[in-house]
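Asker: Pasted the sequence and its predicted model underneath.
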Amino acid sequence: MHGVSLSIGGPHAIDSDYLRQLKALADRVQPHWISDHLCWSRGNAHHLHDLLPLPFTQESLLHVAGRVRLVQDVLQRPLVLENVSAYLQWTTSSMGEAQFLAELSNLTGCELLLDVNNVYISSRNQGFDAWQFIMALPHERIRQIHLAGHSDYGQYLIDTHDQPIADPVWTLYAKALSYLGPTATLIERDDLFPPLDELLAELEKARTLAAGVFKRAAPCA
Amino acid sequence: MRLSALQAALEAYLLTGNSEASPELLDHIHGSAALPAADGLMIYHNAYRTRLLSVLREDYPTLHRWLGDEPFEQLALAFIAAWPSRHFSLRWLGEKLPTFISSYVAEPQLTPLLELTALEWAFTLAFDAPDAELLSLDAMSRFADADWTSLTVRLHPSVNWLRLQRNTLEIWQAAKAQAEIPETTPLQTPLECLVWRCDLTCHYRTLAQPEAEALQVLVSGRSFPDLCTTLFDEHGEQAPLLAATWLKQWVSQGLLLRN
């Protein structure tokens, strides 16, 4: 199960009604894991319906960790949190997003969802090295990988989930797999759906890349 | 600045109509060569409105078509400013649009707009209303005499009952068919209209006044024999047959639950 509404970093109290419904659905469908995003999507008064970035500070870490523990207590399982695409960085941040996720996982036992497209978008928009980001994550905590497409505006990228997966994202994915080992992968497509054949071709490409990586890695295993 | 203050500043920026960020907010944001701080903020500002407008266009397609792009966007943006989202799901964003229209639009536009928004929202409500076990023709075929004499029913939770004073349904049908939208006009007699979900599909139908009155009698909690008695004054000995015919139709259309 994958959500966008938990607002795990928000300034409000965790929405108990939402959490109750999430738990009821999880009890019914018995998902392998429950994931959402490391972000806030609700302000003090209103829902903002976006995956807004947090400042990566000790204050944020303690704030989010407390809320992750609460959610995990209710769901009775580790929460899986995903890195988001970001179009701004807070000046108060004292660490990077990857380090924040690693420390959060240490503090709470939460697991991670690596969205390779989001890493690539944020790295291009903010000028950091996408590969260093991936290497800074605790690989043993990564439960799933997401792939998606974005829109390229030349200077910057926007996460639209309505385009084919870009070549640099495929390259990062293949490289990441060689470090992570076999990892569940989901291709996300929210809009401007192409013919099914094109979507299946992306799925086949992901499978071929993974098979190639593991074939090469097998003798060393 | 503390986390909560930063979040309050960004929330305030997103909710205001002005996409130009204050120097105080900009002070707390790093830009990059690729994406200066003000441009990054503007992406979030624009995405907020684009996302919410898109939801309202999907929830109120006929209203959008009827008003046209620009007036619809003006109405939708004014609504979003007055009624920012209060639910974690965007599914509920448009719930208060009719309420907002009541305060934002004057007659003679008000009544037609209110009816149209009520009709369109009825489809949204029907789409994901709770499931419930329908009374079926099969179950009725196995009724004992006592079942018939004590039978009472209620409407399925997805049923929305509208009483239209204008040719709103005709406007909605024209928009759905991509045809020319007729002028709004009052009806000589109000039109009873049901919108509901059956077999995972939303349906609508109109009811002539006698059928509407009969259905109202039955779903108000009175029994099937009561309905026959009510119909007797006007229809005499044909009353039980008429009641049974209507009941069969309502049941086969997936409108009724047994109490």
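Answerer: Happy to help now that I have it.
Asker: Find the nearest non-adjacent residue to the most centrally placed residue in chain A, please.
Answerer: For chain A, the residue nearest the mean C-alpha position is A:Glu82 (2.3 Å; CA atoms, centre = their mean). Among residues not flanking A:Glu82 along the chain, A:Leu113 sits closest, at 3.8 Å (CB to CB, 6 or more residues apart in numbering or on different chains). Just so you know, the C-beta spots here come from the backbone N, C-alpha and C atoms, and that holds for glycine as well.
Asker: Just the buried residues of the strand or helix carrying the one you found, please?
Answerer: Using DSSP states H and E, A:Leu113 sits within strand A:111-115. Buried residues in strand A:111-115, defined by neighbour count with 16 or more other CB atoms under 10 Å in any protein chain shown: A:Glu111, A:Leu112, A:Leu113, A:Leu114, A:Asp115.
Asker: next one: stretch B:217-235
Answerer: Applying 16+ other CB under 10 Å to stretch B:217-235 flags B:Val217, B:Leu218, B:Val219, B:Ser223, B:Phe224, B:Asp226, B:Leu227, B:Cys228, B:Thr230, B:Leu231 as buried.
Asker: which outside residues touch the longest helix anywhere in chain A?
Answerer: What stands out as the longest helix in chain A, according to DSSP state H, is helix A:196-217. With CB atoms under 8 Å, 6 or more residues apart in numbering or on different chains as the test, helix A:196-217 has contacts from A:147, A:164-165, A:170, A:173-174, A:177-178, A:181-182, A:185, A:187, A:189, A:193.
Asker: could you flag which of those residues are buried?
Answerer: By 16+ other CB under 10 Å, the contacts of helix A:196-217 give A:Leu147, A:Pro164, A:Ile165, A:Trp170, A:Tyr173, A:Ala174, A:Leu177, A:Thr185, A:Ile187, A:Arg189 as buried.
Asker: Okay, now the unreliable bits of chain B?
Answerer: Scanning chain B for pLDDT under 70 picks out no residues.
Asker: Which single residue of it ends up nearest chain A?
Answerer: B:Glu11 (3.2 Å; CB to the nearest CB).
Asker: so how far is A:His46 from that residue?
Answerer: The gap separating B:Glu11 from A:His46 is 7 Å, by CB to CB, to the nearest Å.
Asker: and what of A:Gln21?
Answerer: 20 Å.
Asker: Double-check A:Val4 against A:Ser41; I have them as touching.
Answerer: Yes. With contact defined as CB atoms under 8 Å, A:Val4 and A:Ser41 form a contacting pair (6.7 Å).
Asker: what's the overlap in contacts for those two?
Answerer: A:Leu51.
Asker: out of the two, which sits in the more crowded spot?
Answerer: A:Ser41 (22 against 18; other CB atoms under 10 Å in any protein chain shown).
Asker: What about the buried ones among the contacts of helix A:196-217, which are in strands?
Answerer: A:Leu147, A:Thr185, A:Ile187 (DSSP state E).
Asker: How about the last one, nearest residue that isn't a chain neighbour?
Answerer: So the one you mean is A:Ile187. A:Leu147 (5.0 Å).
Asker: What are the neighbouring residues in contact with that neighbour?
Answerer: Applying CB under 8 Å, 6+ apart, the residues near A:Leu147 are A:115-117, A:165, A:169-170, A:173, A:185-188, A:202, A:206.
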